[in-house]
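Asks: Pasting the sequence and the predicted model now:
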Amino acid sequence: MLIRSITMNRHAIVSTRIGDLTLVASAHALVGVYFPHHWVKPASETLGDRVEATDPVIAEAARQLDEYLTGERTSFDLPTVLRGDEFQRRVWSLLEEIPYGETTSYGEIAQQLGEGETAQAVGKAVGQNPLSIVVPCHRVVGKNGSLTGYAGGLKRKQFLLELEEPATARLF
């Protein structure tokens with residue numbers, strides 16, 4: 001008899017205000033949040049078995065995402081694991097530092113990284129962020145504030161940015 005270990009990856013598809021999201025868990029951590037037409041999709045073996053959304057890690061992630069998407073939450077308190085190369089992890093770490101309701105540009109992140117990194121290299125790493133929304137890649141915009149690529153599409157990026165816009169800014 002084969003018993004699935006809890007350390008194996010597993011995933012569930014959950015419905016949200018911005019459409020279906022595939023949540024991927026490994027052991028006791030969230031490792032992926034993917035849109036239906038995500039730019040960089042994980043390999044099917046990375047997703048693991050499909051499970052019910054009642055899986056403890058997935059259920060908690062879904063609850064917190066729902067709270068975020070309804071404006072009840074401004075940050076996430078989830079165990080996560082980011083899998084990528086050293087450069088990607090450095091970029092993703094900087095994404096986690098962007099405050100709720102604020103944005104930065106790809107060029108500004110490149111400057112923070114130093115060592116001659118380019119906005120294009122940062123953009124590629126941002127586009128490969130496996131934890132969309134939770135690691136807020138939607139807060140990265142073009143140098144003139146323009147909306148540029150987003151794995152979930154520009155409409156979703158706009159929605160997320162408007163969601164985070166301070167109420168006082170929306171009055172004007």
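Replies: Sure, I can see it.
Asks: Point to the residue nearest the middle of the chain.
Replies: Residue closest to the average C-alpha location in the chain (CA atoms, centre = their mean): S132, at 1.4 Å.
Asks: Test for you: state the pLDDT assigned to that residue.
Replies: We note a pLDDT of 95 for S132 in this prediction.
Asks: In the chain, mark out all the helices, start to finish.
Replies: 44-47, 56-69, 86-96, 106-113, 119-127, 154-164, 167-170 (DSSP state H).
Asks: Just give the closest residue to the residue nearest to the centre of the chain, not the sequence neighbours.
Replies: V33 (4.7 Å; CB to CB, 6 or more residues apart in numbering). Yep, even glycine has a C-beta here, placed from its N, CA and C like the rest.
Asks: you'd agree that neighbour is up against P136?
Replies: No. Applying CB atoms under 8 Å as the test, V33 and P136 come out as separate, 11.2 Å apart.
Asks: can you list the domain ranges for this structure.
Replies: Following automatic domain parsing, the chain resolves into domains at 9-69, 86-170.
Asks: Specify the stretch among those that is closest to T80.
Replies: Taking CB to CB, domain 9-69 is the member of the domains of the chain nearest to T80, at 5.0 Å.
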